[in-house]
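Asks: generate a structure from the sequence data that follows.
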Amino acid sequence: MAQAVGATSSYDVSVNREDLGNVIHMIDPTETPIISAMGTNNASNTKHEWIVRSIRASAANAHIEGDDAAPSTRSQASRLDNQCQILKEHAVVTGTQQKGMDHAGVKDKMAEEMSLAMAEVKLDLERAVAGVHNAKVVGNDTTAREMGSIQSYLTTNSDRGATATEPTGDGSDVPGSGTARDFTETILESVLEDCYTNGAKPKIMYVSATNKGVVADFTGGGTHYVDKDNKELINSVDVYIGSLGHTLKVVPSRELNSEDVLLIDPEYIKLSNLRNVHSYDLAKQGDSFRKEIVWETTLEVCNEAAHAIIGDTNG
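Replies: Model (predicted):
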């Protein structure tokens, strides 16, 4: 069959609206499991402070009848701090695009841009919290304040490669790199033993994609099996139960520093907001609409001994 003489076909027309299914499919990695598990707190100053106190170790405790009181000298509370960091992202849409065009996939172009900007800010915060080894920066009129990452606070339940050095533990410095080694179940159980001894009860184990695969081969992770009905081989460990009773949800994080494995108790870690995440219109400059997202917050490691870190892995 031949096309009718003089027919106008889709091949001749360049102004047809493209077929986008009116849906925008986004596969960018926007999950932020570490900050999503944290509680929130309020900060009242750019230098956010909190109090940490501990009790003594067990000791012999037996006294004669009628013994006079002999008050103990207990360790006093210590004060830790972190710097509130300002995270920002903005969106600019021309007047023509916002008001005049028929948007494929969205009804409001600015709303879409702001949604993407918010996802990017969350990713940046996840990175600041655990994706880099970062010491807190006080900042000044020409230097931005920076929060210390969680790695700059964890010292008690810690296992690192040979030649590694521990941070001071107050956010002022970061651990020194050690010799890289494989993440093993023996290392994990050793750290969990430290956690048990020090009273820590972490609930979540954050790992890189590589180390998530490593955990799948741990004997304590459970049984790998085949789903005969669906012909599926199951090779995933989502919960690890340690020999001392610790039950850890195993969560991969794209933003986590790949050499680290973090064992976290969400009850003892928070985001402390000086300014909750918010958006506002920017001053108009010409024929465009401009908005900005701002989040001024910091990491509060309520008690570092509640958590654990395994460093220098080949993650």
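Asks: ranges for the strands of the stretch 201-315 of the chain?
Replies: 204-207, 225-227, 232-234, 239-241, 247-252, 261-264, 270-281, 288-300, 308-310 (DSSP state E, counting those that start in this stretch).
Asks: where's Q285 relative to A117, distance?
Replies: 18 Å (CB to CB, to the nearest Å). Just so you know, the C-beta spots here come from the backbone N, C-alpha and C atoms, and that holds for glycine as well.
Asks: which of the two has more neighbours?
Replies: More crowded of Q285 and A117, by other CB atoms under 10 Å: A117, with 18 against 8.
Asks: and the more buried one, what does it touch?
Replies: E89, H90, A91, I293 (CB atoms under 8 Å, 6 or more residues apart in numbering).
Asks: repeat that with 10 Å
Replies: With contact taken as CB atoms under 10 Å, 6 or more residues apart in numbering, A117 is in contact with K88, E89, H90, A91, S279, K291, E292, I293.
Asks: let me know the pLDDT of the residue nearest to the fourth one when sequence neighbours are not counted.
Replies: What it means is A91. Spatial nearest neighbour of A91, excluding adjacent residues (CB to CB, 6 or more residues apart in numbering): E113 at 3.6 Å. Note for E113: predicted pLDDT of 83.
Asks: what's the pLDDT at the closest residue in space to T46 that isn't next to it in sequence?
Replies: Distance criterion CB to CB, 6+ apart; nearest residue to T46, sequence neighbours excluded, is C84 at 4.8 Å. The score at C84 is 97. That number is its pLDDT.
Asks: just the one 4 residues further on next, same as before
Replies: With respect to pLDDT, K88 has a value of 95.
Asks: once you drop chain neighbours, what's closest to it?
Replies: In space, K88 is closest to V294, 5.3 Å off (CB to CB, 6+ apart).
Asks: what residues sit buried inside stretch 113-121?
Replies: E113, M114, L116, A117, M118, A119, V121 (16 or more other CB atoms under 10 Å).
Asks: wait, which of those is closest to H307?
Replies: V121 (24.6 Å; CB to CB).
Asks: the closest one belongs to a helix?
Replies: Yes - counting by DSSP: H, G, I helix; E, B strand; the rest coil, V121 is located in a helix.
Asks: who touches it in this structure?
Replies: Here V121 is in contact with T32, L87, K88, E89, V277, I293, V294, W295 (CB under 10 Å, 6+ apart).
Asks: quick one, what contacts D173?
Replies: Counted by CB under 10 Å, 6+ apart, D173 has contacts H133, A135, K136, G148, S152, T165, E166, P167.
Asks: switch the cut-off to 6 Å
Replies: D173 makes contacts with A135, P167, as judged by CB atoms under 6 Å, 6 or more residues apart in numbering.
Asks: K270 too?
Replies: K270 touches M38, G39, N41, E300, counting by CB under 6 Å, 6+ apart.
Asks: of those residues, keep whichever come out buried.
Replies: Buried residues within the contacts of K270, counting neighbours by 16+ other CB under 10 Å: M38, E300.
Asks: separation between the residue found closest to I310 once you drop the neighbours it is linked to in the chain and A91?
Replies: Distances taken as CB to CB, 6+ apart put V261 closest to I310, at 4.0 Å, once the chain neighbours are dropped. V261 sits 36 Å away from A91 when distances are taken as CB to CB.
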